[in-house]
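*Asks:* make a model of this:
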Amino acid sequence: MAGAGEDGERRIGVAMDYSDSSKKALDWAIDNLLRRGDTLVVLHVLHHGGEEAQNTLWAKSGSPPIPLSEFREPKVMQHYGVKPDAEVLDAIDTAARQKELKVVAKLYWGDAREKLCDAVEELKIDTLVMGSRGLGPIQRILLGSVTNYVLSNASCPVTVVKGK
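*Replies:* Model (predicted):
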């Protein structure tokens, strides 16, 4: 199958920070990209983690892959420093059932630009979908753009879903 990993399944990554733009990116991926049997990899990059030991232990590799059954559990996600979003969980849950998706989440700590590109390599992501915050030209110059960096440096196709 074209665009599939070595084992025949496609791995679709979605960068998720629970912003409106990342939720739109998830919805777009579910509606337009994900097919029956694909693996959806929900990628979170946190600036800091809940526990320093986790940050040290997983600073380079990120968390272990978290299956959907654990991703749904508020206590598990709070352990990692992530506040679950019911809207996102419902969308993922529904898509997983309807399209028979495998779903895993992976958390990273640090610079989102570098960590998203690392995730693409490490997890053998076939394509990455991410939202655009819609920064103006001045903000983009001052703050830098995660989207621009990932577009230029990721080793897979990247789809950017605009907020409006």
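
*Asks:* what does the model give Tyr18 for pLDDT?
*Replies:* pLDDT, the model's per-residue confidence, is 88 for Tyr18.

*Asks:* quick check: phi and psi at the nearest residue to it once chain neighbours are set aside.
*Replies:* By the measure of CB to CB, 6 or more residues apart in numbering, the closest residue to Tyr18 outside its immediate chain neighbours is Asp85, 4.9 Å from it. Using the backbone N, CA and C atoms, a C-beta is placed for each residue, glycine as well. With angles defined as degrees, to the nearest 10, Asp85 sits at phi -120, psi 120.

*Asks:* pretty sure Glu121 contacts Lys115?
*Replies:* No - counting by CB atoms under 8 Å, Glu121 sits too far from Lys115 to count as a contact (10.8 Å).

*Asks:* between those two, which one's more packed in?
*Replies:* Using other CB atoms under 10 Å, the more surrounded residue of Glu121 and Lys115 is Lys115, with 24 against 11.

*Asks:* and the more buried one, how far is that from Leu33?
*Replies:* For Lys115, the distance to Leu33 equals 22 Å [CB to CB, to the nearest Å].

*Asks:* doesn't Thr34 lie inside a helix?
*Replies:* For residue 34 the amino acid is Leu, not Thr. No - judged by DSSP: H, G, I helix; E, B strand; the rest coil, Leu34 forms no part of a helix; its state is coil.

*Asks:* dump the residue contacts of it.
*Replies:* Ile12, Leu40, Ala95, Lys99, Leu101 (CB atoms under 8 Å, 6 or more residues apart in numbering).

*Asks:* so which of the residues you listed wins on neighbours?
*Replies:* Leu40 (25 neighbours).
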